[in-house]
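> when you get a sec, could you give me coordinates for this:
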Amino acid sequence: MIRFAHRGASALAPENTLAAFQAAVDRGCSWIETDLRLTADDVPVLLHDASVERTTSGRGDVGKMPLAQVNRLDAGGWCGRRFRGERIPTLAETLEWSRGRCGLNLEIKEELRPGDLIEQIARVVGGERALDRVLFSSFRAADVRRLRGALLRARIAWLVSRNSRGLAALVKSEAISALHPKDALVSRRIVRRCHRLGLGVHVWVVNRRARLLELESMQVDGVMTDDPRIFQA
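So this is what the prediction gives:
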């Protein structure tokens, strides 16, 4: 079963920072799940919320800030004194850091300019020749189609939180490779259906050891957790 760290080891370090990613790798995770948004000057950066307020020292929307301003924010101090000075990483920095360490599951979070973000992602990931260690995902079927148009050889997953209606059509039209269902949606029937379609099943977010074992018995292919220590028990 593939071990994904959700926003890095976000139970142990500030989410979506290199510190959280390293903590996850140190605890045996082979993939990092993280979120992508676009700065005002079109640089893909790793941030879950549109606003920087919850996870940094700043205020306002990242999409209205140039990278130089984003780089001045402290993205770690809120999580503890030892994380002060952590920055919001760029996609390019994260691809460089991850080489030889882990794979990256890159979720498209950008709502206002998803097409522009995907265009920049294609440029950065293609320039790094990193498609073999990247998995893309989005809740929006339109993003899945944009990703396939921009990156013909990309591995793409569809995120679902309520139901998976339309799954077979996306498999046929966009050749997606995995379904990423919310934990509450997962059943043996869904897992069997996905496997018949040739899809991996990567479940989010699982933070209890008992549930991890249940999902393992269902033969899911991967689990995303905030706390990689559940894999080590």
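> which other helices and strands does the longest strand along the chain contact?
When the chain is parsed with DSSP state E, its longest strand is strand 31-38. Judged by 3 or more C-beta pairs under 8 Å, 6 or more residues apart in numbering; DSSP states H and E, the packing partners of strand 31-38 are strand 2-6, helix 18-26, strand 44-46, helix 91-98, strand 103-108, helix 114-128. In this view, the C-beta of every residue, glycine as well, is placed from N, C-alpha and C.
> tell me the buried residues in the longest one?
Residues of helix 114-128 classed as buried under the neighbour-count rule (16 or more other C-beta atoms under 10 Å) are 114, 117-118, 120-122, 124-125, 128.
> repeat that for the second one.
Going by neighbour count (16+ other C-beta under 10 Å), the buried part of helix 18-26 is 18-25.
> same thing with the fifth one?
Of the residues in strand 103-108, those buried by neighbour count under the rule 16+ other C-beta under 10 Å are 103-108.
> again, but for the fourth one
Residues of helix 91-98 classed as buried under the neighbour-count rule (16+ other C-beta under 10 Å) are 91-92, 94-95, 97-98.
> how far off centre is that helix?
Averaging C-alpha positions (C-alpha atoms, centre = their mean, to the nearest Å) puts helix 91-98 13 Å from its chain's average.
> tell me which residues are up against it.
If you take C-beta atoms under 8 Å, 6 or more residues apart in numbering as the criterion, helix 91-98 is touched by 18, 21, 32, 34, 36, 43-46, 89, 104, 106, 120-121, 124-125, 128, 130, 133-134.
> ranges for the strands of the chain?
2-6, 31-38, 44-46, 103-108, 134-138, 155-160, 178-181, 200-203, 222-225.
> tell me how many other residues surround residue 57.
14 (other C-beta atoms under 10 Å).
> list the contacts of it.
73-75, 77-78.
> and residue 31, how far from residue 228?
From residue 31 over to residue 228 the distance is 11 Å, taken as C-beta to C-beta, to the nearest Å.
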